[in-house]
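**Q** One predicted model, sequence on top.
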Amino acid sequence: MDNKWVAFISGLLFGVGLLISGMADPAKVIGFLDLKGLFNGSWDPSLILVMLGALLVYMPVFHCYIKPRLNAVPEHKATAICGSDYHLPVAEKPNRRLIIGAGLFGIGWGIAGICPGPALVNIGSLDISLALFIISMLTGIYMGQLSQRYLNSHA
Amino acid sequence: MDTSISLLSLIWALLGGMLIGFSAIGLMVFNGRIAGISGILSFAIFSNKKQASEANKGLAWQWYFLFGLMLVGVVYVQIAGPMGIAAFKFNQVPTFLLVMGGLLVGLGSNLGSGCTSGHGICGIGRLSLRSIIATGVFMLTGIIAAMLVH
């Protein structure tokens, strides 16, 4: 069984990380993505360090600890500390759906300056514009699921 | 821009990023799960009955993660307000663009099977080719969109 309190603490850390890094501030995100700032000296490169900092922690632990366990012989199938299996995406080749999805996601992110994590961590502000964004984001997720169901049933 | 403020923002970004890294790898090491927010959110809200019952009776872990994430924001607003720290502004773009942005973020993360956290951190962290490509694509379209709209 998954340990729910691990998930809760992980959510807490993730939220604090988003807030202190500046990722939760749409003005900062837009200032980072808008490279016009490069020409007038107002560009703020700091957000690239959010990904770098996260990878600095994630990557070595994944490759030195998780990966050897995943590669262990099947009869000694490794499980995570709390006992559940490792849930990793099935290796799939990059396809059109991935590219189109990522492309649309980026356009939305660049327009609004908000992506899913920051949208949720900011929910405490009770901001009407943010609420509007979250409702349309959920609508978008639902549209994606409907389109997938449609494709599956007509495959 | 004041260089000292800029340096401070670099340090906060790196520290915040490392905290996100700890959060994401902790979820993998203890629970064997990927910290992809769009996937977690979409499961919590839209999982079908079969998936929901497989995720134990009662609340799935996804909701616990989201509660933690949202609790931080609630506490932050309670602390930041009285300290005179202004809340972030979400009305920087006209409403129709904000709605359009939300739709695209939701639809795109669903079709592309991930967002900045799932692909950009956990996926690249695993050196997944799909995630490296997805991250390159959404950074590129994000930059183009931000340059055109703002």
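**A** Ah, there it is.

**Q** got the end-to-end distance for stretch B:83-94?
**A** 29 Å (C-alpha to C-alpha, to the nearest Å).

**Q** Next, see if that stretch gets close to chain A.
**A** Yes. Interface with chain A: stretch B:83-94 contributes B:87-93 (C-beta under 8 Å from any C-beta of the partner chain). C-beta coordinates here come from the backbone N, C-alpha and C atoms, glycine included.

**Q** avg pLDDT for the helix or strand where A:Ile111 lies?
**A** A:Ile111 belongs to helix A:96-112 when assigned by DSSP states H and E. Helix A:96-112 shows a mean pLDDT of 97.

**Q** Check which helices and strands it sits against.
**A** Using 3 or more C-beta pairs under 8 Å, 6 or more residues apart in numbering or on different chains; DSSP states H and E, the elements in contact with helix A:96-112 are helix A:26-33, helix A:128-153, helix B:95-111, helix B:129-149.

**Q** which helices and strands does the helix or strand that the third one is followed by pack with?
**A** Using DSSP H and E, the next helix or strand after helix B:95-111 towards the C-terminus is helix B:124-125. Under the contact criterion of 3+ C-beta pairs under 8 Å, 6+ apart, the helices and strands touching helix B:124-125 comprise helix A:48-61, helix B:3-31, helix B:129-149.

**Q** in chain B, which helix or strand is least confident?
**A** helix B:49-54 (a mean of 66; mean pLDDT, DSSP states H and E).

**Q** just for chain A, where's the confidence low?
**A** Counting by pLDDT under 70, chain A contains low-confidence ranges at A:1, A:73, A:75-76.

**Q** Repeat that for chain B.
**A** By pLDDT under 70, the weakly predicted segments of chain B are B:1-5, B:49-50, B:52-58.

**Q** returning to what we had before: same list (the helices and strands packed on helix B:124-125) but as a markdown table, adding distance to A:Ala80 and mean neighbour count.
**A** Listed next are the helices and strands packed on helix B:124-125 as a markdown table, based on distance: least, C-beta to C-beta, whole Å; neighbours: other C-beta atoms under 10 Å in any protein chain shown:
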| stretch | distance to A:Ala80 | mean neighbour count |
| --- | --- | --- |
| helix A:48-61 | 13 | 21 |
| helix B:3-31 | 6 | 20 |
| helix B:129-149 | 20 | 20 |
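
**Q** who wins for proximity to A:Gly106 among those helices?
**A** Nearest to A:Gly106, of all the helices and strands packed on helix B:124-125, is helix B:129-149, at 3.3 Å by C-beta to C-beta.

**Q** just checking, what packs against the closest one?
**A** Using 3+ C-beta pairs under 8 Å, 6+ apart: helix B:129-149 touches helix A:26-33, helix A:96-112, helix B:124-125.

**Q** Enumerate every residue touching residue 101.
**A** Let's take chain A. By C-beta atoms under 8 Å, 6 or more residues apart in numbering or on different chains, the contact set of A:Gly101 is A:144, B:107-113, B:134.

**Q** Not quite, go with chain B.
**A** A:107-109, A:111-112, A:114, A:133, A:136, B:93.

**Q** repeat that for 10 Å
**A** With contact set as C-beta atoms under 10 Å, 6 or more residues apart in numbering or on different chains, B:Gly101 has these partners: A:26, A:107-115, A:132-133, A:136-137, A:140, B:93, B:145, B:149.

**Q** Redo the helices and strands packed on helix B:129-149 as JSON lines? Include distance to B:Ile20.
**A** What follows is the helices and strands packed on helix B:129-149, written out as JSON lines (distance: least, C-beta to C-beta, whole Å):
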{"stretch": "helix A:26-33", "distance to B:Ile20": "15"}
{"stretch": "helix A:96-112", "distance to B:Ile20": "16"}
{"stretch": "helix B:124-125", "distance to B:Ile20": "11"}
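
**Q** Pick the most deeply packed of these.
**A** Mean neighbour count, computed with mean count of other C-beta atoms under 10 Å in any protein chain shown, is highest for helix A:96-112 among those, reaching a mean of 24.

**Q** Give the next helix or strand downstream of that helix.
**A** Note on helix A:96-112: by DSSP H and E, the next helix or strand toward the C-terminus is helix A:116-121.

**Q** Kindly format the C-alpha coordinates of that following helix as PDB.
**A** Listed next in PDB are the C-alpha coordinates belonging to helix A:116-121 (Å, rounded to 0.1, in the frame of the first residue of the first chain):
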ATOM      1  CA  PRO A 116      -0.400  22.900 -12.800                       C
ATOM      2  CA  GLY A 117       1.800  22.900  -9.700                       C
ATOM      3  CA  PRO A 118       1.800  26.700  -9.200                       C
ATOM      4  CA  ALA A 119      -1.900  26.900 -10.000                       C
ATOM      5  CA  LEU A 120      -2.600  24.500  -7.000                       C
ATOM      6  CA  VAL A 121      -0.200  25.900  -4.500                       C
END
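
**Q** If anything else comes up later, I'll come back, but that's it for now.
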